[in-house]
Each structure stands twice: as structure tokens, then as C-alpha cells.
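> Let's see this in three dimensions:
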Amino acid sequence: MLLVSYTGEPLEAGLDEAGRGCLAGPVFAAAVLLPPDFRSEFLNDSKQLTTRRRELVRTEICREAVAWAVAEASVAEITSLNIAQASYLAMHRAADQLRPAPTHLLVDGNRFRPHVALPHTCIVGGDGLYRAIAAASVLAKTFRDDRMRELAAAYPAYGWEQNAGYPTAAHRAAIREHGPTEHHRMGFRLL
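Residues are numbered from 1 along each chain as shown. Below is the predicted model:
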């Protein structure tokens, strides 16, 4: 059973990212403020859910959250900043969109660049421990997967509709055969 809150504050937002280890595409982040009575049969770390269950939970979150936001950092920003800093940038962008504004950020992971206006707590494995982080995990993953499916329509050789830009054998084989696109992260080891 996922925990409701770390601080007990009603405006504690969960933050998580998706796509940090990909070879292509932007990194996405989501911020979610859940009501204390939020219930979802399947809410969990997005990596533990099937695609179908992630979509079901996403609908519940978008319908019932007090507030939610999704943001991204582009491939150009990943290149200029590095992936960690770009992930923090996307998280800050997501948190900044929340209305009402959160009073505390609960961040999945062990590192975070502090937000100028908001205190935070990092929780390793938080997406499997706290509801708000799990909800952010689901939104970041599903919205990023949507984007990668859109890009796959223009670049069908890379299989992004299936691998979402992650370094699978098929994705690397496509890079070898067709070369990288402008959506590939050139600072990453593509092959």
C-alpha cells in the first residue's frame, strides 16, 4: 500500500521523470498534487504497470488530482545542460505549473537541484512508496510514450512506438543502418 504523505502537508506534490536513460527524445517530468482520499486500484511505480493499467491510472489521476502538470526538456537542452540538469529543469517546469502551488516537493530519487521557492525531500524508490510520486511516474511515462509514438510516425525505422527511444538492440541496429536523427541525444553513446 502506497503512503499518502511524507510531510502531512495537504499541498505536497510528487515529482518524477521519464526518459532519462533514452538515446532519443526529450526527458519528461510530471508533478502531481493528489487529494488525501485519492484511491486507485492499480496506482504504483509506472515501471510495475502494464501499458493498459498505466493508461487507466493516468485517466484517474487526470480526472481526480487536485492539480497535475507535465513538462519536458528538449534534446538540445539535454545536450547543453546534461541529462541530470535537464531532468531537474523539466521537474521545475512541471512544479511551476501546479495551481494551487505546492508547499513541498517529494522527489523520486537521491538528487535534485533545489527549487528556488519550494522545499523538497528526495526519496529513493519513492515511486513505489508514495502515491503522489507514483502518480507523477505514471504521467511522465505515459505522456513521454505518447510523444515517442508521435515521433515514430515520422521516423518509423527506429521503433520508437515500441522502445520509446531506449537503447534496445533493435534501436541500435536502426541507428547503425540509418544513422541518428535530430531527436537522438548525440552526447550519449548511441552504438
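> Helices of the protein, start to end?
Along the chain, counting by DSSP state H, helices occupy 51-64, 75-81, 83-97, 131-154, 160-163, 169-178.
> mind listing what's buried in the third one?
Residues of helix 83-97 classed as buried under the neighbour-count rule (16 or more other CB atoms under 10 Å) are 83-84, 86-96. C-beta here means a position set from N, CA and C on the backbone, and glycine is covered the same way.
> tell me which residues form a beta bridge with residue 16?
When assigned by DSSP bridges, residue 16 has beta-bridge partners residue 30.
> Please work out how many residues are found near it.
Residue 16 has 30 neighbours, counted by other CB atoms under 10 Å.
> confidence score at residue 117?
The confidence metric pLDDT takes the value 87 at residue 117.
> likewise residue 38?
pLDDT at residue 38 comes out at 96.
> try the one 4 residues further on
Among the per-residue scores, residue 42 holds a pLDDT of 95.
> I'd guessed it sits against residue 55; true?
No - here residue 42 lies out of contact with residue 55, judged by CB atoms under 8 Å, at a distance of 10.3 Å.
> Once you drop chain neighbours, what's closest to residue 82?
Spatially, and ignoring its direct neighbours in sequence, residue 82 is nearest to residue 187 (7.7 Å; CB to CB, 6 or more residues apart in numbering).
> Show the contacting residues for the one you found.
Taking CB atoms under 8 Å, 6 or more residues apart in numbering as the criterion, residue 187 is in contact with 78-79, 82.
> related to what we said a few turns ago, which of the buried residues of helix 83-97 sit farthest apart?
83 and 96 (20.3 Å; CB to CB).
> how about the residue of the chain most remote from its centre, what does it touch?
Distance from the centre of the chain peaks at residue 177, with 29.6 Å (CA atoms, centre = their mean). Residue 177 makes contact with residue 157, according to CB under 8 Å, 6+ apart.
> Make 651 the starting number, not 1.
Okay, residue one is now 651; in that scheme the one you just asked about reads as residue 827.
> Same question for stretch 671-680: list its buried residues.
Across stretch 671-680, burial judged by 16+ other CB under 10 Å covers 672-680.
> can you put those residues in a markdown table and add distance to residue 779 and pLDDT?
Shown next, in a markdown table, are these (distance: CB to CB, whole Å; pLDDT from 0 to 100):
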| residue | distance to residue 779 | pLDDT |
| --- | --- | --- |
| 672 | 24 | 97 |
| 673 | 29 | 98 |
| 674 | 30 | 98 |
| 675 | 27 | 98 |
| 676 | 26 | 98 |
| 677 | 22 | 98 |
| 678 | 21 | 98 |
| 679 | 18 | 98 |
| 680 | 17 | 98 |
